[in-house]
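S.K.: please find the sequence and the predicted model below.
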Amino acid sequence: MIHVKWDRETLHFPVPPPETKLGKLRTDLAEYTHLPLGSFKLIHAGAVMKDDSAPLTAYKIRENSTIALIGGHSLPSMPAPPSRPQPKVKEPPTEKSTITAIRTELDRVRTTLVPDVDALVSALAPSVAPTVSSPTSAPTPTSGSAPAQSFSSTAQVPHFPPPHPTPASYSSKPTSSDHTRLSELLLQSLLRLDAMHLAGSDWPEARAERKAAVREVQGVLDRLDGAWSAR
C-alpha cells in the first residue's frame, strides 16, 4: 500500500504498477478527493512531484511510501492584494537574494516549528528523570588519619542545568490536531523552499543551500511523523 496524507486524513491505495505515470496517479487522486486536477501538489521525500509523464519509479514510489497532497480546499485562500495605482516592477532574484530567502525560511522553521515539534515528541515519549541515591554514612576514621567529613541526609544535591533548553511541555496529551497542524506547516515550508529553486539557473551555492534546507526540514517532519506513529 501507499499512503497519501490529505488535510487531516490519510488515504491508502494499492501500490500502482511500476510503469504507471504520475499523471495517472494525480487523476485518480483528483477523482477520489473531488478536487480540481490542477488545484493540488504532490510531495514525496521533500520534493514536489511535477512531471506527470514520468513513471512513479522515477520518484522512488514503493510499498509503504507516503505522499503528501497539498492544495485544493485544504489550504486557506489568500486574500486579494490591495490595488496599487503604480505597482513597482519586481526585480529578478539573484543567487544572493535566493540564499537569503532560503536561510530566512529555515530560520523560521527552527525558531517557530522545531520547538513545537520537540515539545510534542517529548510529550509522546517523556524521558525518565534520573534518581539520586541516598548518601551513605562516612567511614570511621583510622588512627592517625584526618577525621572524615560527615554528610547529613538532608544535604542538598547541587543542581546542574541541562545542556540544552527544555522545550515547552504540553499541559495534556497531544492530539491529532496538534500533529496535523505541525505536519501541514512543515509541508508548506517544503513547498516554499521548492519554489525558490529556479530550474536552469547556474547557482551552485543556492542549490546547495536549498538542498541542505530541504533535508533539514524533511528530517524534522520525519521525526514528527515517526514519534506520532510510535505513540
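M.R.: Sure, I can see it.
S.K.: and Asp118, what element?
M.R.: Take DSSP states H and E as the rule and Asp118 turns out to sit in helix 114-124.
S.K.: starting from that helix, tell me the next helix or strand along the chain.
M.R.: Once the chain leaves helix 114-124, the following helix or strand, as judged by DSSP H and E, is helix 176-195.
S.K.: what about Ser177, how many residues nearby?
M.R.: Ser177 has 9 neighbours, counted by other Cβ atoms under 10 Å. From N, CA and C alone the C-beta is placed, and that goes for glycine too.
S.K.: quick one: contacts for it?
M.R.: Going by Cβ atoms under 8 Å, 6 or more residues apart in numbering, Ser177 touches Arg8.
S.K.: look up how far Glu184 lies from it.
M.R.: Computed as Cβ to Cβ, to the nearest Å, the Ser177 to Glu184 distance reads 11 Å.
S.K.: which other helices and strands contact the helix holding Asp118?
M.R.: Contacts defined by 3 or more Cβ pairs under 8 Å, 6 or more residues apart in numbering; DSSP states H and E place helix 114-124 against helix 176-195, helix 204-229.
S.K.: export those as a markdown table, with columns for distance to Thr20 and mean pLDDT.
M.R.: Shown next, in a markdown table, are these (distance: least, Cβ to Cβ, whole Å; pLDDT from 0 to 100):
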| stretch | distance to Thr20 | mean pLDDT |
| --- | --- | --- |
| helix 176-195 | 23 | 90 |
| helix 204-229 | 24 | 91 |
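S.K.: looking at those, which is nearest to Leu29?
M.R.: Closest approach to Leu29 among these (Cβ to Cβ): helix 176-195, 15.7 Å.
S.K.: the closest one to helix 114-124, inter-axis angle?
M.R.: Helix 176-195 and helix 114-124 are oriented at 150 degrees to each other (axes from the mean of the first three to the mean of the last three Cα atoms, to 10 degrees).
S.K.: what angle do helix 176-195 and helix 204-229 make?
M.R.: Calculated by the same axes, to 10 degrees, helix 176-195 forms an angle of 170 degrees with helix 204-229.
S.K.: pull out the buried positions in helix 176-195.
M.R.: By 16 or more other Cβ atoms under 10 Å, the buried positions in helix 176-195 come out as 178-180, 182-187, 189-190, 192-194.
S.K.: Serialize those residues to JSON lines and add fields for distance to Ser229.
M.R.: Conversion of the buried residues of helix 176-195 to JSON lines gives the following (distance: Cβ to Cβ, whole Å):
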{"residue": "Asp178", "distance to Ser229": "15"}
{"residue": "His179", "distance to Ser229": "10"}
{"residue": "Thr180", "distance to Ser229": "14"}
{"residue": "Leu182", "distance to Ser229": "14"}
{"residue": "Ser183", "distance to Ser229": "12"}
{"residue": "Glu184", "distance to Ser229": "17"}
{"residue": "Leu185", "distance to Ser229": "19"}
{"residue": "Leu186", "distance to Ser229": "15"}
{"residue": "Leu187", "distance to Ser229": "16"}
{"residue": "Ser189", "distance to Ser229": "21"}
{"residue": "Leu190", "distance to Ser229": "19"}
{"residue": "Arg192", "distance to Ser229": "26"}
{"residue": "Leu193", "distance to Ser229": "24"}
{"residue": "Asp194", "distance to Ser229": "25"}
